[in-house]
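Asks: Sequence first, predicted coordinates after that:
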Amino acid sequence: MSANKSDEALQRLNYFNGQRLAAADFRAEQGHHVGMRHVLNRSLYSPGIVVGLEVVPVGSNDPQDKHHVIVKRGLAFDNLGREIFLPVDVKVQVMGAPRSAPGVVFGNLLVVSYGETRQFPTQSRCTIGAPFRPCSGDLAWGAPTRIVADAIFEFVDSWPSEDSGKIVLSQIELDEKCNVVRTSPGVRRYAVPAKPQTVRPVSLEGEKDIDRQNGKSLYFHIDGGAPESAVLYLRGLPFSSLYYTELGKHIHHIDFASETVHHDFGHSHTVTGGGTDEQGEHTHSFIVDNGETSGGIDVNDTNNNFVTGANPIQPAGKHTHALVGVTFSKELGDWGHSHRVQGDTQGTGASDLDARNGKPALKLLKDLIVRFDGVSITGAICDQLEARAGQGGQWRVMGGGGVDDVRLNGATLSKPPGTGEIDLLKLGIEIGIGQHKLEFVVSDPDVGGQIQYNLYVS
């Protein structure tokens, strides 16, 4: 049991002349010193082994020693900051379950915890400080005169909770006869310095091409405490020309329709001059009577050759005549015309975003707005930069009013030195524990460039 609560550390004795002191007064004085020491221990270190307290088998041939281990002298802190001090090596009897297979151990954890006992010291075989209560009703006097801090050893089958005050020293492997086979130090818990309240360093470096629709948001986190230093460097560079010179392989499907054009080609030719050529001699046959001796047309039809309705003179047969020296007028000349093509090529690329068209390429930043956690700090940055020698009036540019009226001059920003060091802690903003966001944006249309940033927090 504990003789004094650790929370009594805030009280101490106030001495003055003629004061009557009782046991409670001395306990308060003692509790102050002991309690403050415990507060320091648990504030500076986590619970665990500070030094020593190694657990080893007993190096003896005595059969009884096979059921014991040696815990060497050492020191540990519990969760309340109390010192578990073992001034000498001690022998501890083991308890637990035998192993199910070589090297397989469940439980058998040896733990140590803080304990106190009250004792009566003896002197020449006489007990000193034996309690005595007088019959008169006065305050009793006499009690154990010593409080002894001790280490209590136990075996548990599961890992102890944080508030149990128990520190794991070793895991003991037992054979089927509960003899100690080996001790495992892999489960030992050591005291380590408590996490210092220092800021985790942050170092962020990068670059981003920005325009009015595409700014840069830089998130960073503060952990461990308030920063002692937060420095920002900015520099402007030309917008990357790769956006205009590099394009992935793609195709455009053509689906055009030409305009229909009509023309009447009806016409005539005028013939002038010339005539037909001479086809040559030809004959016409005629019907004769077989009885005719001198020729002539058969008129009496003595041989019955007359055909009613037929011409006795027969045609000469089919023949042609060529045109000679004939000239045709030129009625069909050249007809100049064109076809207007209408339609669009098939779209390629993102379907929900139009390409920037008909405007000059982005080059350098014109002006820059800087926000911290949504609030513009551009004006404060300009004040800090223009306070430097030779930079007065070079950074501040006034915009069109509103919360982002003040802007950083892009021309000055794009010079090789950039802004140099910007001390964020001197801008009148609070950079506390948690997430923060820096934003770099431009507000003018059709203006953009590249911003380089370096942020160091420590």
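Replies: Thanks, I have the structure now.

Asks: any idea of the mean pLDDT for stretch 228-248?
Replies: On average, the pLDDT along stretch 228-248 is 84.

Asks: Just want the phi and psi numbers for residue 411.
Replies: phi -60, psi -40 (degrees, to the nearest 10).

Asks: How about the contacts made by it?
Replies: Contact analysis of residue 411 by C-beta atoms under 8 Å, 6 or more residues apart in numbering lists 364, 366. (Each C-beta comes from the backbone N, C-alpha and C, glycine too.)

Asks: So it versus residue 396, what's the distance?
Replies: Per C-beta to C-beta, to the nearest Å, residue 411 is found 12 Å from residue 396.

Asks: what comes up buried for the host helix or strand of residue 31?
Replies: Using DSSP states H and E, residue 31 maps to helix 23-44. By 16 or more other C-beta atoms under 10 Å, the buried positions in helix 23-44 come out as 27, 29-32, 34-36, 38-39, 41-42.

Asks: would a markdown table of those with pLDDT and distance to residue 445 be doable?
Replies: Listed next are the buried residues of helix 23-44 as a markdown table, based on pLDDT from 0 to 100; distance: C-beta to C-beta, whole Å:
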| residue | pLDDT | distance to residue 445 |
| --- | --- | --- |
| 27 | 77 | 79 |
| 29 | 78 | 77 |
| 30 | 77 | 77 |
| 31 | 77 | 73 |
| 32 | 78 | 71 |
| 34 | 79 | 73 |
| 35 | 80 | 69 |
| 36 | 83 | 67 |
| 38 | 82 | 67 |
| 39 | 82 | 63 |
| 41 | 80 | 64 |
| 42 | 82 | 61 |
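
Asks: want to throw the residues you listed into TSV with distance to residue 53?
Replies: Below are the buried residues of helix 23-44 laid out as TSV (distance: C-beta to C-beta, whole Å):
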residue	distance to residue 53
27	30
29	31
30	27
31	27
32	29
34	22
35	24
36	25
38	19
39	23
41	16
42	18
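
Asks: Wasn't residue 91 part of a strand?
Replies: Yes: residue state for residue 91 (DSSP: H, G, I helix; E, B strand; the rest coil) corresponds to a strand.

Asks: For it, list each beta-bridge partner.
Replies: residue 70 (DSSP bridges).

Asks: Now do it against residue 76, distance only.
Replies: Counting by C-beta to C-beta, the gap from residue 91 to residue 76 is 18 Å.

Asks: These two - which one has more neighbours?
Replies: Neighbour totals were compared for residue 91 and residue 76, and residue 76 leads with 25 against 11 (other C-beta atoms under 10 Å).

Asks: and the more buried one, what does it touch?
Replies: 47-50, 53, 83-84, 112, 167, 191.

Asks: among those residues, who's most crowded?
Replies: residue 167 (26 neighbours).

Asks: how about the closest residue in space to that one that isn't next to it in sequence, secondary structure?
Replies: Of all residues not flanking residue 167 in the chain, residue 76 sits nearest, at 4.8 Å (C-beta to C-beta, 6 or more residues apart in numbering). Following three-state DSSP, the label given to residue 76 is strand.

Asks: Tell me the spacing between residue 76 and residue 234.
Replies: From residue 76 to residue 234 the distance is 53 Å (C-beta to C-beta).

Asks: in this structure, what secondary structure element scores lowest on mean pLDDT?
Replies: strand 126-127 (a mean of 52; mean pLDDT, DSSP states H and E).
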